[in-house]
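Peer 1: Kindly generate the corresponding structure for this input.
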Amino acid sequence: MEFGLVNTAAFAVLALLGFYVLSLIYNNFRTAGIVDRGVQEEIGFLRQKVEQIKAVREFDKQKNELSWNGIRKFRVERKNPENKDICSFYLHPHDERPLPPFNPGQYLTFKLDLPSGKKVTTRCYSLSDSPKSEYYRVSIKRNPPPKDPAKADVGKSSSNFFHDNINEGDILDVLAPNGDFFLDMHRQTPVVLIGGGIGITPVLSMLNAIVESGSKRETWFFLGVRNGKEHVFREHLEAIDRAHENVHVRICYSGPDDTDVEGKDYHHKARVGAPLFQEVLPSNNYDYYFCGPPPMMESLFHGLRDWDVPEGNIHFEAFGPATVKSKKSTDAPADAGAAPATGFKLKFVRSEKEIVWDGSADTILEFAEANDIDMDSGCRAGACGTCVTAVLKGDVNYATEPSAEVNKGSCLTCISTPKSDMELDA
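Peer 2: Have a look, this model is predicted:
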């Protein structure tokens, strides 16, 4: 009996010992597996970094090798109406050489001979598609005629010129892609892309670049329009939303028609803004890129700041001299919200005109045009640098921070007002 108990006890001890040994072996293999997985993950991370570095170098190489200075001839390969007011123009290089890549969000600058123009008119339009080697695409909105023809805006006339006068096969003079408003494709941080009306164009370029690159970064895309009649690229956006788990498309109608169906045609009956973001987004921890009409820009910027979004995470491009940030001067800040001072004497040296600034115009450029003074202009938002003018005397206040580089002794007339008596080389 005692012998049996001893055998039983010995067997139990041996079983426990065996279990212990097996546990050690299992844990060693498990630990080795975890370490191996960790090594594999580290290798994968390093490979991703190497691929990113190679992509950056390849991008820079192609951009340097394929870019051009001055004017390049482009043929309108295709003219595609998106709705009754917006038309897309597919531009193919006339010289048949490959096109340089660009940063999604940038624009093209066109030199146009308008039928009623006194000179070549410079205008900028955002690229509305991701970079392609064979074509560029811009999508341009038609503008309604002004009630007073004498107050017709040259920029709006150029938009209508594209719709009415530019056809497939026509040749256009185009400068290389440019602009500081663009998405960094080498980062993977979550983003919110917001377009208001025709402001969809640069952020659509960003969205297309994200999905076509295979990026898995979390992306929210908001489009704000009045109703279904203004809803452009509908099928394209729906297809992207269905096909990519990391992309969330949200369409907002501020004034839907009776035929517009919520949940089918649009997601929210609301204006795009911070209050909606607080309802829809998991947090405010995103980079925000937006473009649209001035009231929307103003509301978005201040709404995001009130929601404690850091200013460094807010990126925008406005149409025209919209005051989005607090006003700045070349020397010191101007009083926020203060009306521009009047009574300054503006002397346009080349035109041999001296006029008293009366505050009737928003910018020096508009003031000059109203007084038949010939000045170059482009984007009218301080981005392209076309309107840069030498300041021989005096100083200016800027309505917004210039995006284009401005050398000392010069100013961008499209976003500035006089701060003193001035003499301009114009």
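
Peer 1: what about residue 275, neighbour count?
Peer 2: 14 (other Cβ atoms under 10 Å). The way it works is simple: take the backbone N, C-alpha and C, and place the C-beta from them, glycine included.

Peer 1: Confirm that it sits in a helix.
Peer 2: Yes. Looking at residue 275 with DSSP: H, G, I helix; E, B strand; the rest coil, it is inside a helix.

Peer 1: Do I have it right that it meets residue 303?
Peer 2: Yes. Between residue 275 and residue 303 there is a contact under Cβ atoms under 8 Å: 7.2 Å.

Peer 1: Return every residue with contacts to both of these two.
Peer 2: Residues touching both residue 275 and residue 303 (Cβ atoms under 8 Å, 6 or more residues apart in numbering): none.

Peer 1: SS state for residue 229?
Peer 2: Classification of residue 229 using three-state DSSP returns helix.

Peer 1: That one: what's it in contact with?
Peer 2: The neighbourhood of residue 229, defined by Cβ under 8 Å, 6+ apart, consists of 83-84, 257.

Peer 1: If we use 7 Å, what do you get?
Peer 2: residue 83 (Cβ atoms under 7 Å, 6 or more residues apart in numbering).

Peer 1: how much space between it and residue 85?
Peer 2: The gap separating residue 229 from residue 85 is 9 Å, by Cβ to Cβ, to the nearest Å.

Peer 1: same deal with residue 409?
Peer 2: Applying Cβ to Cβ, the value for residue 409 to residue 85 is 42 Å.

Peer 1: Please apply the same query to residue 142.
Peer 2: Distance from residue 142 to residue 85, by Cβ to Cβ: 5 Å.

Peer 1: low-scoring stretches of the stretch 301-426 of the chain, by residue?
Peer 2: By pLDDT under 70, the weakly predicted segments of the stretch 301-426 of the chain are 318-340.

Peer 1: Helices along that one, start to end?
Peer 2: For the stretch 301-426 of the chain, the helices defined by DSSP state H, counting those that start in this stretch occupy 364-370.

Peer 1: what's the answer for the stretch 51-200 of the chain, then?
Peer 2: In the stretch 51-200 of the chain, the helices defined using DSSP H, counting those that start in this stretch lie at 154-165, 200-213.

Peer 1: and residue 409 and residue 85? which has more neighbours close in?
Peer 2: Each of residue 409 and residue 85 has its neighbours counted (other Cβ under 10 Å); residue 85 has more, 18 against 9.

Peer 1: dump the residue contacts of the more buried one.
Peer 2: Contacts of residue 85 (Cβ under 7 Å, 6+ apart): 141-142.

Peer 1: Tell me where the model's unsure across the stretch 51-200 of the chain.
Peer 2: For the stretch 51-200 of the chain, the ranges with pLDDT under 70 are 51-56, 116-119, 145-156.

Peer 1: go again using 90 as the cut-off
Peer 2: Judged by pLDDT under 90, the stretch 51-200 of the chain has its weakly predicted residues at 51-67, 70, 113-123, 143-158, 179-180.

Peer 1: What are the buried residues along stretch 295-313?
Peer 2: 296-297, 299-301, 303-304, 309, 313 (16 or more other Cβ atoms under 10 Å).

Peer 1: Let me know the closest of those residues to residue 392.
Peer 2: Lowest distance from residue 392 to these (Cβ to Cβ) belongs to residue 297, with 33.0 Å.

Peer 1: And that closest one, how far from residue 91?
Peer 2: 27 Å.

Peer 1: OK, contacts around the nearest residue to residue 293 once chain neighbours are set aside?
Peer 2: With Cβ to Cβ, 6 or more residues apart in numbering as the criterion, residue 293 has its nearest non-adjacent residue at 5.8 Å, and that residue is residue 196. Applying Cβ under 7 Å, 6+ apart, we find residue 196 in contact with 224, 272, 292-293, 296.

Peer 1: which one of those residues has the most neighbours?
Peer 2: Across the contacts of residue 196, the neighbour count under other Cβ under 10 Å reaches its highest value at residue 224, namely 28 neighbours.

Peer 1: part of a strand, is it?
Peer 2: Yes. Under three-state DSSP, residue 224 sits within a strand.

Peer 1: Hmm, it is touching residue 273, no?
Peer 2: No. Applying Cβ atoms under 7 Å, one finds residue 224 not in contact with residue 273, separated by 8.5 Å.

Peer 1: Show me how the record splits this structure into domains.
Peer 2: What automatic domain parsing lists as the domains of the chain is 1-66, 72-178, 191-318, 328-424.

Peer 1: Turn the ones you listed into CSV, columns for distance to residue 185.
Peer 2: Formatted as CSV, those follow (distance: least, Cβ to Cβ, whole Å):
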stretch, distance to residue 185
domain 1-66, 8
domain 72-178, 7
domain 191-318, 6
domain 328-424, 19
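
Peer 1: number of nearby residues for residue 104?
Peer 2: Neighbours around residue 104, by other Cβ under 10 Å: 29.

Peer 1: Got phi/psi on it?
Peer 2: Residue 104 adopts backbone torsions of phi -60, psi 130, taken as degrees, to the nearest 10.

Peer 1: okay, how far is it across stretch 219-237, tip to tip?
Peer 2: Using Cα to Cα, to the nearest Å, the end-to-end distance of stretch 219-237 comes to 13 Å.

Peer 1: ditto for stretch 86-100
Peer 2: End-to-end distance of stretch 86-100 (Cα to Cα): 26 Å.

Peer 1: quick check: angle from the lengthiest strand in the chain to helix 154-165?
Peer 2: Identified as the longest strand of the chain according to DSSP state E is strand 72-81. Relative orientation of strand 72-81 versus helix 154-165 (axes from the mean of the first three to the mean of the last three Cα atoms, to 10 degrees): 70 degrees.
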